[in-house]
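Undergrad: Let me see the structure of the following:
(2 chains)
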Amino acid sequence: MSTLVVAQIGPASSVQDGGRFGAQRYGLTPSGAMDKLSLAAANSLVGNALLAAAIEIGPFGATFTAKGGSVRVALSGAPRPADVAKRQVEMNTSVTLSEGEKLTLGFARGGSFSYLAIAGGISGEPMFNSLSVNARAGLGSPYPRPLQSGDVFEVAPAGDAPELRLELPKAGGPIRVVMGPQDDEFSDEMKAQFLGSDWTISATSDRMGYRLEGPPIRHLHGHNIVSDGTVDGSIQVPGNGAPIVLMADRGTSGGYPKIATVITADFGRLAQTPAGTPFRFKAVSMAEAQAERRRYKDLLRSLPGRVTELTSSAFNIDALFTANVAGHAVSATDVTTWPGLALDSSDHP
Amino acid sequence: MADPFPPPRLLPSGDSAVTVEFSRTIDETANRRVLALDHALAAASLAGITETVPTYRSLLVHYDPCVIDHATLGANLLALSAGTLAPETEVRRWRVPVCYGGEHGIDLEDVAKALSLTPDEVVARHVAATYRVAMIGFTPGWSYLSGLDPTLQMSRRQNPRLATPPGIVAIGGIQTGIQCLAGPCGWHLLGRTAMRTFQLHRQPTFLLEPGDEVSFTAVDAKMFAEQERAAEGGELIAERIAA
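TA: Next comes the predicted model:
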């Protein structure tokens, strides 16, 4: 049995999968990966089920060591410098760590969460059919809390299949929303201000909610409504007028008016928007939102079919690119050149 | 006969959930209609509905738009909402022990003072009522109960406590509630119960259901400590009582 040891890891890193559904009526939030497309990409590269549990790595660096045998992993999501024994590792490729080798990940650049999938998956005890960490409820396996240095994953030894790569379509543009459920708590001017302003995500944001900075959004009738149910992407507006987008670890109910809801297809892209990078919202119709949701699910399901062998030429091009980027300060616009999902501010209208 | 109730409002909550809103305020009839629709939907077992979340005044219905389209779902929700209230016969009733005051109910004295009552009078009124679980939400097992004696109404604390112990029984506004897990709370702490509305590795994991009826009974600190140990071992502590 091989193991993958967490040699060092920053805060906001935890095991996450597709989420824990079916008990929201008891106050149990689904949790799950903040960016499910990136989770699915990482899993596709190591032959796992699309939404199998992987390690969600927050903005800070991390190192992992293979012990007791070789371990195959793949990295997707927020781009970051990565190497194994001085060999550059590209985003959206698989890589095999030989016994004793260390995978070193730098800070995320142009995104927030990266996903490290392990071939054969993460073994643990599912609770409500999920291994996802929900630290407040004490749920998650093998560790019901964010990861710490010294944590160990027991994993299947890597085979000798070729390494794989995956090209993801570039995504950008405004974050699309369906207005409501409580948009009638806001004047037309306030709705126009919500849709017409630049927003940035505050540094105090976390997996529960993204606090937005921008012009205050005022309510027509005050900010207290009787609590009702929330979804991933509910945009609630508390008394101070600064919207909060409810994310994967949201409370299942909330007592502030919700002006709009981020569409399923754009939730992961919002989750990956770095703090401080301006973006806009755009209202779309229900029909468009649901068509985009279908396209998003189709894209997700298509990932295993898009995986190709990592040839040496492709590797070299990427390695050169990474080496170049790694040595310089990275501007927000560099992000689009990565095969990732991060939002580029220049894509806005 | 004409439907005695106005139809609910269907409010979009993104591309895969709809809020069925019966009222904008905390309203006894609205909450019964929420629970009735929840029952009716479960009985109808419509393909494409993934889960439902009852609250005081609305039912959030999660669905898969690839299986059931928005218009079909809406028509079904309106039809199932018409003229029904939760059937009395299915209601489960629980007696829940609470250790009031002292270190377990640190706000009891202040509440009594603010309401010009004695602490004993506050407790007497709190245990005299029969409550209904109007909703469970925010964090696992946090049960919001309707039916508080109106003379015990008071606004929430100006400064919510950032940390409260598990099992608190508190009042806030026109509600009382049981917060299962330790966490922040802006309500007034009257006491604690050893009952755990949410406990892993216990059957059932979640004890209370929306629509259940709850009454409280006062126990002393020694009994509370014993019940805490029993709860640790998986006992329910709450007692199911006959209708």
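Undergrad: residues touching the residue in chain B that chain A sits nearest to, list them.
TA: Distances between chain B and chain A by C-beta to the nearest C-beta are smallest at B:L60, namely 2.9 Å. C-beta: built from backbone N, CA, C; applies to glycine. Shown in contact with B:L60 (C-beta atoms under 8 Å, 6 or more residues apart in numbering or on different chains): A:24, A:228-231, B:13, B:17-20, B:52-54.
Undergrad: just checking, which of these belong to strands?
TA: Members of the contacts of B:L60 lying in strands (criterion: DSSP state E): A:D228, A:G229, B:A17, B:V18, B:T19, B:V20, B:T52, B:V53, B:P54.
Undergrad: possible to save the residues you listed as a markdown table with pLDDT?
TA: Output for the ones in strands among the contacts of B:L60, formatted as a markdown table (pLDDT from 0 to 100):
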| residue | pLDDT |
| --- | --- |
| A:D228 | 88 |
| A:G229 | 94 |
| B:A17 | 98 |
| B:V18 | 98 |
| B:T19 | 97 |
| B:V20 | 97 |
| B:T52 | 97 |
| B:V53 | 97 |
| B:P54 | 96 |
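Undergrad: Can you add distance to A:P81 and neighbour count and give the residues you listed back as a markdown table?
TA: Below are those laid out as a markdown table (distance: C-beta to C-beta, whole Å; neighbours: other C-beta atoms under 10 Å in any protein chain shown):
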| residue | distance to A:P81 | neighbour count |
| --- | --- | --- |
| A:D228 | 44 | 30 |
| A:G229 | 41 | 28 |
| B:A17 | 39 | 26 |
| B:V18 | 44 | 23 |
| B:T19 | 44 | 25 |
| B:V20 | 49 | 28 |
| B:T52 | 45 | 21 |
| B:V53 | 42 | 28 |
| B:P54 | 48 | 28 |
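Undergrad: so which of those residues comes closest to B:G83?
TA: Checking these against B:G83 with C-beta to C-beta, the nearest one is B:V20 at 14.7 Å.
Undergrad: so which helix or strand takes in the residue of chain B closest to chain A?
TA: Using DSSP states H and E, B:L60 falls within strand B:58-63.
Undergrad: For the nearest residue to B:D220 once chain neighbours are set aside, pull up the helix or strand it's in.
TA: Nearest non-adjacent residue to B:D220, counting by C-beta to C-beta, 6 or more residues apart in numbering or on different chains: B:C99, 6.7 Å away. Using DSSP H and E, B:C99 sits within strand B:93-100.
Undergrad: Could you list the paired strands of the helix or strand where A:L75 lies along with their orientation?
TA: Taking DSSP H and E as the criterion, A:L75 maps to strand A:71-77. Using DSSP bridges, the strands paired with strand A:71-77 are strand A:93-97 (antiparallel), strand A:114-118 (antiparallel).
Undergrad: Distance to A:F194, mean pLDDT and mean neighbour count for those - can I get that in a markdown table?
TA: Supplementary listing: the strands paired with strand A:71-77 in a markdown table, determined by distance: least, C-beta to C-beta, whole Å; pLDDT from 0 to 100; neighbours: other C-beta atoms under 10 Å in any protein chain shown:
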| stretch | distance to A:F194 | mean pLDDT | mean neighbour count |
| --- | --- | --- | --- |
| strand A:93-97 | 39 | 97 | 23 |
| strand A:114-118 | 30 | 98 | 26 |
